[in-house]
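1. Below are the sequence and a predicted model; questions follow.
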Amino acid sequence: MSPIDAVCVGETMAVLTSPEALTEGSRLRVGAGGAESNAAVALAVLGHSAAWVSRVGDDPFGRIVTGAVARHGVDVRGVEVDPRLPTGLYVKDTAPGGAGVLYYRSGSAASEMSVADAERVWSRGARLVHVSGITPALSSRAATLVEHLLDRRAGRDELRSFDVNHRPALWSAQEAAPVLLDLARRADVVFVGRDEAERLWGTPEAADVRAVLPEVPTLVVKDAEHGATCFEGEDTVFVPAPPVEVVEAVGAGDAFAAGYLSGRLDGWPVERRLDLGHAVAGAVLGSQGDTLEALPARVAEIRAAVGRPGGGTFSR
């Protein structure tokens, strides 16, 4: 297979969405959602060659998920179909007073990801490998895979990107904190929300996060609507987030990471990378649904946002 720009590794689930409170007879819309495939889709929309590596069940949900990601130009040849275990599932009850998000991913096909799956990542010859802190919460095997992919001692020269992405529904902050800190210290590029860093490591400010991750070559601390700070070498760059009318926040962090990484792959300076991250995240925040649904329809808006004064011109 030909070398590509980026490989994103992690679970994508089937998403069942109800616009009303869940009751007997509710109608559910079937979609797909996952942090790493969201990033892969955003990178593909931004003009990069991207692949997604994962495992799904040999079931209708697995086929829906794989098809949804592939439809946006992402290479899915690295997705293994498990004949025994099911595709992960989550339900979004978005009605006022509804149940919120309900996860059904324990024992999923993706939880069986392990170091044995690494060759499907390395075989792509990608410039960038992107993983998140969701995968190590799935199983000890999956955690070992992420550790292996981030290991700088492996003698490989891919850029390794890690989005901390702590999900309290999967594991507590107390359990996750040391694991995610160790994984972050192995990466070349780390993304973390200021609030989640404070929850995990007791670091209330971006500078405090840098103090616990001084060895990371590039650290990006996101602070919601306030902006994002990038620490790279001795430099610190803060770019405020432009105002956005938030429709739904799901997938915005994945979109920001993809925008930043897109700029990094193209050799853009830090300020423009952050600018692009904000623009891509803003397109998702202003849309119903996550990256898979929001971005393809808003490419023109992203291009216009990045072309504003001080942000450079977006072209490939």
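-> That came in fine, so what should we check first?

2. Output the below-cut-off pLDDT ranges for the stretch 51-200 of the chain.
-> The model of the stretch 51-200 of the chain has pLDDT under 70 over residues 94-99, 153-156.

3. residue boundaries of the helices in it?
-> 60-70, 118-122, 140-149, 173-186, 194-201 (DSSP state H, counting those that start in this stretch).

4. Can you name every helix or strand that the last one contacts?
-> Secondary-structure packing of helix 194-201 (3 or more CB pairs under 8 Å, 6 or more residues apart in numbering; DSSP states H and E): helix 173-186, helix 206-212, strand 218-223. The way it works is simple: take the backbone N, C-alpha and C, and place the C-beta from them, glycine included.

5. now swap in the first one and tell me
-> Secondary-structure packing of helix 60-70 (3+ CB pairs under 8 Å, 6+ apart): strand 13-18, strand 29-33, helix 35-45, strand 50-57.

6. Would you mark the buried spots in that helix?
-> Using 16 or more other CB atoms under 10 Å as the test for burial, helix 60-70 gives 61-62, 64-66, 68-70.

7. Look up the residues forming beta bridges with residue 100.
-> residue 93 (DSSP bridges).

8. no no, residue 222
-> residue 193, residue 228.

9. For it, which residues are in contact?
-> 191-194, 228, 253, 256 (CB atoms under 8 Å, 6 or more residues apart in numbering).

10. Looking at those, spot the one nearest residue 185.
-> residue 192 (12.1 Å; CB to CB).

11. Would you format the contacts of residue 222 as TSV with distance to residue 169 included?
-> TSV is the format used below for these (distance: CB to CB, whole Å):
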residue	distance to residue 169
191	20
192	18
193	16
194	20
228	25
253	15
256	21
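
12. Just the buried residues out of these, in PyMOL syntax.
-> Entered in PyMOL, the line below selects the buried ones among the contacts of residue 222, by 16+ other CB under 10 Å:
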select buried, resi 191+192+193+194+228+253+256
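
13. Find the pair from the contacts of residue 222 with maximum spatial separation.
-> Once CB to CB is applied, these give 194 and 256 as the farthest pair, at 12.9 Å.

14. Now tabulate the helices of the stretch 51-200 of the chain in CSV and tack on distance to residue 213.
-> Formatted as CSV, these follow (distance: least, CB to CB, whole Å):
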stretch, distance to residue 213
helix 60-70, 30
helix 118-122, 24
helix 140-149, 16
helix 173-186, 6
helix 194-201, 9
